[in-house]
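[1] Below is the structure, and that's it, no one-letter string:
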């Protein structure tokens, strides 16, 4: 009998502390054949298990262009994520996936891309960033705007540095006023105002945005003012999920199942949905 | 009209059939006595065949979608974890005396369990089960099957369908190939029905009066995600989810781990309900449906709009259990009626 709820086993190759409560796991399937066969696209998510604790839903934070391992980043917030925090390199977890739809990377080719992320919202955006950067010559201008509450809350710090060093990418990192340290050399200010300041050209440009609802709420008018069309602004939704495969009935927004019809939506699609996310 | 294959059987023969099934190691489940639940039986005398009986407290869905279903077992060892599929072998099962509102729910639920990814836990139970439905002559103020496109004589979802006839006999229709195979396998309990036998059929039960128009309910829902009605009905709801648990079509579930000691345990699928506040609550504390009116809107919309948008059927068979058991007397048919009223005002 085919069992859609049984995960595959993965081994934790590395544990990276991003912030005091955000951790990144580097994972590899225990079955090398399965690992080779496992294909996913940027923006898809998976169900991660700690046996005896339960399952949790996060996006796959690594890029499909780097198939040697999978990465996920999570904040220790609930029962399963707190159990995950106690795991170490070499431990075994479960993973089911990949599920859901993905960012239209193919359609983005030949266009400019601006990435806008806040807090841990960088995780689902990061997989697209690396996807685009690994195929850099197929895209026009690439801009990254990333903000967090404070310097301590910035995730993927070493990669932010790496992106800043890249001449082909414009990277702007900001922290909320009061969140800076004495030696902070990035921007200070909220993401929407930084986006306005950086002012990416809207022509032939796709915006990929993910972050706390409040950030998205105030960034959208800025993008509109800059001339971005609603169908060229793409985001990813997160709703509580259990099955990930359109059965368990909790992630729906109106008649849309986030796990099947999402999690990636254009702002145009999102505006047509009832406000239930 | 091409007549379905019809047979005639009697109360006595059905009781003997139970005996034969039992000898062949079938699981035999019968509707319980008035106001009780479905029960496992082994003896023909325990069989409840009563078209007049009130629907059981719980629907028949638990035989396809159990309250708790193990998905797999895990065992931790020094170099990892072993995962073991459930090894239980399902016995062939027959469900006797299922009311049309319960039988019809099985193919309705089958849609969500089989779009794209297939839930074989549900499918294998359906495959192993022969549903013997029966025309229903019970009707109370809570029943509303006729408003959901069904009737007391709908054979939807049944494999074999019984209609009461004179002299404690029944006309048995083989509705599906599985039902036909069952009748053939146990042919000594079913005789081919001739025209005279069919004449013995009792008058068709009328069923409850039609209370609302489901299409109009959907039409109204299409445009009224925000509406004062949700506050009116949602504010009285206690969020106990008895409506979801007794409903034959509600299929939402939770997935949780149950450990026995540190090293082993199982992951199970449990019934869940959209009326619970925790159902959609994120770990961050954010809750897309944070208040009871929003959760009640979800319940009504899922039943009369979303499921229809997605699968072309409404997620309700009109059994009335949600209303019969509601501790605060929320009446789903009354709400649908109210929606109809508002819709006609608009038109």
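    Sure, I can see it. Owing to the predicted nature of the structure, the values given are computational and were not obtained by experimental measurement. Numbering: from 1, shown residues only, chains lettered A, B, ... in the order given.
[2] Give me the contact list for the helix or strand hosting residue B:8.
    Assigned by DSSP states H and E, residue B:8 belongs to strand B:5-10. Strand B:5-10 is contacted by residues B:17, B:162, B:165, B:167-174, B:180, B:183, B:189-193, B:197-198 when judged by C-beta atoms under 8 Å, 6 or more residues apart in numbering or on different chains. Every residue, glycine included, has its C-beta placed from N, CA and C.
[3] same thing but at 7 Å, please
    When contacts are defined by C-beta atoms under 7 Å, 6 or more residues apart in numbering or on different chains, strand B:5-10 is touched by residues B:168-174, B:180, B:183, B:189-193, B:197-198.
[4] Just name the closest of the residues you listed to chain A, please.
    residue B:180 (25.7 Å; C-beta to the nearest C-beta).
[5] hmm, back to that, of the contacts of strand B:5-10, buried ones?
    Among the contacts of strand B:5-10, those classed as buried by neighbour count (16 or more other C-beta atoms under 10 Å in any protein chain shown) are B:169-174, B:180, B:183, B:189-190, B:193, B:197.
[6] next one: the strand holding residue B:8 to chain centre, how far?
    25 Å (C-alpha atoms, centre = their mean, to the nearest Å).
[7] What separation is there between residue B:71 and residue A:175?
    44 Å (C-beta to C-beta, to the nearest Å).
[8] Name the residue in the two with the higher neighbour count.
    More crowded of residue B:71 and residue A:175, by other C-beta atoms under 10 Å in any protein chain shown: residue A:175, with 23 against 19.
[9] Closest one to residue A:144 out of the contacts of strand B:5-10, please.
    Closest to residue A:144 out of the contacts of strand B:5-10 is residue B:180 (64.8 Å), distances taken as C-beta to C-beta.
[10] What distance do you get for the closest one to residue A:34?
    43 Å.
[11] who in chain A is up against chain B?
    A:1-6, A:9, A:30, A:51-55, A:77-78, A:81, A:92, A:239-240, A:242-243, A:245-250, A:252, A:254-255, A:260, A:274, A:276-277 (C-beta under 7 Å from any C-beta of the partner chain).
[12] Buried ones among these?
    In the residues of chain A next to chain B, the ones that pass as buried (16+ other C-beta under 10 Å) are A:4-6, A:9, A:30, A:51-55, A:77-78, A:81, A:92, A:239-240, A:242-243, A:245-250, A:252, A:254-255, A:260, A:276-277.
[13] Inside strands: which ones of the residues you listed?
    A:9, A:54-55, A:92, A:252 (DSSP state E).
[14] Among the residues of chain A next to chain B, which ones are in helices?
    A:81, A:260 (DSSP state H).
[15] Ranking helices and strands of chain B by mean pLDDT, which lands last?
    Every helix and strand of chain B was ranked by mean pLDDT, DSSP states H and E. The lowest is helix B:195-199, at a mean of 84.
[16] Which SSE is immediately downstream of it?
    Heading C-terminal from helix B:195-199, the first helix or strand you meet, by DSSP H and E, is helix B:214-223.
[17] For that next one, what is the distance to the chain centroid?
    Taking C-alpha atoms, centre = their mean, one finds the center of helix B:214-223 at 23 Å from the center of the full chain.
[18] Does anything pack onto it? Which helices or strands?
    helix B:332-346 (3 or more C-beta pairs under 7 Å, 6 or more residues apart in numbering or on different chains; DSSP states H and E).
[19] Mind listing what's buried along the helix it packs on?
    Here helix B:332-346 shows B:332-333, B:335-340, B:343 as buried, counting by 16+ other C-beta under 10 Å.
[20] just stretch B:199-209 next, same as before
    B:201, B:205, B:207-208.
[21] Not counting its own residues, what contacts stretch A:80-99?
    For stretch A:80-99, contacts defined as C-beta under 7 Å, 6+ apart pick out A:7-15, A:23, A:27, A:40, A:44-51, A:53-56, A:60, A:74-76, A:244-245, A:259, B:80-81, B:283.
[22] List of residues touching the helix or strand where residue A:143 lies?
    Element membership for residue A:143, per DSSP H and E: strand A:142-148. Strand A:142-148 has contacts (C-beta under 7 Å, 6+ apart) with A:113-119, A:122, A:129, A:132, A:154, A:160, A:163, A:168-175, A:190-191, A:194-195, A:198, A:200.
[23] For the stretch 201-347 of chain B, which segments count as helices?
    B:214-223, B:228-234, B:242-246, B:292-301, B:307-311, B:321-324, B:332-346 (DSSP state H, counting those that start in this stretch).
[24] Whether the fifth one contacts chain A - can you check?
    Meaning helix B:307-311. Yes. Using C-beta under 7 Å from any C-beta, helix B:307-311 reaches chain A at B:309-310.
[25] chain center to that helix: distance?
    The answer for helix B:307-311 is 17 Å, by C-alpha atoms, centre = their mean.
[26] Distance to chain A and pLDDT added to the buried residues of helix B:332-346, as CSV?
    What follows is those, written out as CSV (distance: C-beta to the nearest C-beta, whole Å; pLDDT from 0 to 100):
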residue, distance to chain A, pLDDT
B:332, 18, 95
B:333, 22, 95
B:335, 19, 94
B:336, 18, 94
B:337, 23, 93
B:338, 20, 92
B:339, 17, 93
B:340, 21, 91
B:343, 19, 80
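[27] give me the number of residues near the closest residue to residue A:159 other than its chain neighbours?
    Excluding the flanking residues, the one nearest residue A:159 by C-beta to C-beta, 6 or more residues apart in numbering or on different chains is residue A:126, at 7.3 Å. Residues within reach of residue A:126, counting by other C-beta under 10 Å, total 27.
[28] partners of the helix or strand hosting residue A:97, with directions?
    For residue A:97, the element it lies in under DSSP H and E is strand A:92-99. With DSSP bridges as the test, strand A:92-99 is paired with strand A:8-17 (antiparallel), strand A:45-50 (antiparallel).
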